[in-house]
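>>> okay, predicted coordinates and the sequence, questions at the end:
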Amino acid sequence: KAGVTQTPRYLIKTRGQQVTLSCSPISGHRSVSWYQQTPGQGLQFLFEYFSETQRNKGNFPGRFSGRQFSNSRSEMNVSTLELGDSALYLCASSTDLVSYEQYFGPGTRLTVT
Amino acid sequence: TQLLEQSPQFLSIQEGENLTVYCNSSSVFSSLQWYRQEPGEGPVLLVTVVTGGEVKKLKRLTFQFGDARKDSSLHITAAQPGDTGLYLCAGASGGSARQLTFGSGTQLTVLP
């Protein structure tokens, strides 16, 4: 099976712009979660989607949003970018509804200048 | 808010040495997972422990879940340079607040 894919892998944006990141989960996985990883804060949960519905949300401002399509592919959007949004954004898919084992993609490295 | 504290934060050892990484919390988790992340890649799941007191072995890696399901440890025997990476523990909470809480990570460097 192909793993989780994320596009683009690298992105440079300017403060105030918006960005959309894409994630394709492992075939058959219906749960997609997004995480932000920074050296200072570590890996933080953004939100989870299951069957096109946001099932859980972390403690991030409303500038961070996402959606999931009927084929389980997911996108996340960050509006009005700030310098502090520079991070590695990781997408993970899961099929296990009990232990929530996550299968991560390689991430999108976002740099905001 | 559930927190997971990992220690040590950084560990640099020589090839062949043994090491233990700890993951502690005041909260109870329904399961606990360990991941390893290498530069430029996403974390890769190593193991999931579910039952209090459970011990799982993966070659030279031994994982233990505390009896009260609040803490876990990862022990590596005879470390090799290929073990180098960022080790992350993650606790799963159940019910309506279902999500993973990640520890801050342990950066392990094994020198040849």
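Happy to help now that I have it.
>>> can we go C-alpha only for contacts and neighbour counts from here?
OK.
>>> tally of neighbours for residue B:12?
Neighbour count of residue B:12, defined by other C-alpha atoms under 10 Å in any protein chain shown: 12.
>>> and it, what are its bridge partners?
residue B:109 (DSSP bridges).
>>> and the pLDDT for it?
The score at residue B:12 is 97. That number is its pLDDT.
>>> separation between it and residue B:106?
According to C-alpha to C-alpha, to the nearest Å, residue B:12 stands 10 Å off from residue B:106.
>>> got the phi and psi for residue B:17?
With angles defined as degrees, to the nearest 10, residue B:17 sits at phi -80, psi 160.
>>> that one contacts residue B:81, doesn't it?
No - counting by C-alpha atoms under 8 Å, residue B:17 stays clear of residue B:81, with 10.9 Å between them.
>>> for chain B, what's its nearest residue on chain A.
For chain A, the residue closest to chain B is residue A:106, as judged by C-alpha to the nearest C-alpha, at 4.5 Å.
>>> which neighbours does the lowest-mean-pLDDT helix or strand in chain A have in its sheet, and in what orientation?
Taking mean pLDDT, DSSP states H and E as the measure, chain A has strand A:53-57 as its least confident helix or strand, at a mean of 90. Sheet pairing here is set by DSSP bridges, and for strand A:53-57 it gives strand A:42-50 (antiparallel).
>>> in stretch B:45-55, what counts as buried?
In terms of neighbour count (16 or more other C-alpha atoms under 10 Å in any protein chain shown), stretch B:45-55 has its buried residues at B:45, B:46, B:47, B:48, B:49, B:50, B:51, B:52, B:55.
>>> er, stretch A:42-51 actually
Within stretch A:42-51, the residues scored as buried using 16+ other C-alpha under 10 Å are A:42, A:43, A:44, A:45, A:46, A:47, A:48, A:49, A:50.
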